[in-house]
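**Q** fold the following for me, if possible:
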Amino acid sequence: MGLTGRILWTKGTPPPEPGEPRSEPAYILVHGIGVSHRYLARLHGVLAASAPTYSLDLPGFGGTPKPGRQLSVEDYGAFIAGALKTCGIDSYVLVGHSMGAQFVIEAALRAPEQIRQLVLMGPVVDSRHKNVWRQSVALTLDGLVRESLSSNWIVISDYVRCGPRWYLNELPVMMSYPTEKRLAGVQVPVLVLRGSRDHVAGPDWSLRLSRAVAQGRLVEIPGVGHVAQHMRPKAVADAIRSFVIATTPHR
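**A** Purely as a prediction, here's the structure:
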């Protein structure tokens, strides 16, 4: 498709090299609409202390080149699966936040042999917010009331880098994606994770998603909103690692 993204890793994680055998699945962190790897950086650091961890900047976001056409969620899922294959990352746990939850669902459907577990953090679009106005109000209130200055700064500055044109280009894609229906096709264990004060991904919606699959779980991080991974990175990482350990078959 001629799309360009970016993969990032930190000290302790081997550079992605095709053909190199890997002893354990890697964590793959995927951002949501308008933003980049930066608001996942704290979570990345905690996870990378115990397992290979990579973060992605998807095409059009995080300063990567803007595609020449609107991309569907399926396009992004195909890009993720293809990029990981090209990089030699053939066993992984996908972790997506907000619209990134939609992206990783599609990537999981594209690469069923490579995906081990799926983690959906603050997944959208909550059935209470099925129009742009309601979604925007929920997100704005979350930023004003429940997030920190540092998380808001990262998100807003990334929105500026993304630019309104590409954000608005992809917004209807996010709003129309049938998250619950597509998630039902995923065959691996799924963790739905939300901040207890997150009104973007509300409790009823999150519980319903966790029940859309045979091996689904719901975990809430107390006292935080939509960007729980920035506000409580250790608690989020602990929840993810516990879920992965509990749902990994013992050989």
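
**Q** which residues of the stretch 51-200 of the chain fall in strands?
**A** 53-57, 92-97, 115-121, 190-195 (DSSP state E, counting those that start in this stretch).

**Q** looking at these, which one is packed in the most?
**A** Of those, the one with the most neighbours on average (mean count of other Cβ atoms under 10 Å) is strand 92-97, at a mean of 29. Where C-beta positions appear, they are placed from N, C-alpha and C, glycine not excepted.

**Q** so what secondary structure elements neighbour that one?
**A** strand 26-30, helix 99-110, strand 115-121, helix 233-247 (3 or more Cβ pairs under 8 Å, 6 or more residues apart in numbering; DSSP states H and E).

**Q** in TSV, list these along with mean pLDDT and distance to Gln135.
**A** What follows is the helices and strands packed on strand 92-97, written out as TSV (pLDDT from 0 to 100; distance: least, Cβ to Cβ, whole Å):
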stretch	mean pLDDT	distance to Gln135
strand 26-30	98	19
helix 99-110	98	11
strand 115-121	98	17
helix 233-247	97	23
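
**Q** nearest to Ile89, out of those?
**A** When these are compared by Cβ to Cβ, strand 26-30 sits nearest Ile89, at 5.5 Å.

**Q** re the thing from before, among the strands of the stretch 51-200 of the chain, which is nearest His37?
**A** strand 53-57 (3.8 Å).

**Q** rewinding a little: okay, the strands of the stretch 51-200 of the chain in TSV with distance to Val46 next?
**A** TSV is the format used below for the strands of the stretch 51-200 of the chain (distance: least, Cβ to Cβ, whole Å):
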stretch	distance to Val46
strand 53-57	9
strand 92-97	12
strand 115-121	14
strand 190-195	14
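
**Q** so which of these comes closest to Tyr167?
**A** Of all the strands of the stretch 51-200 of the chain, strand 53-57 comes closest under Cβ to Cβ, at 14.8 Å.

**Q** quick one: low-confidence ranges for this protein?
**A** Within the chain, the ranges that satisfy pLDDT under 70 run 1, 19-23, 251.
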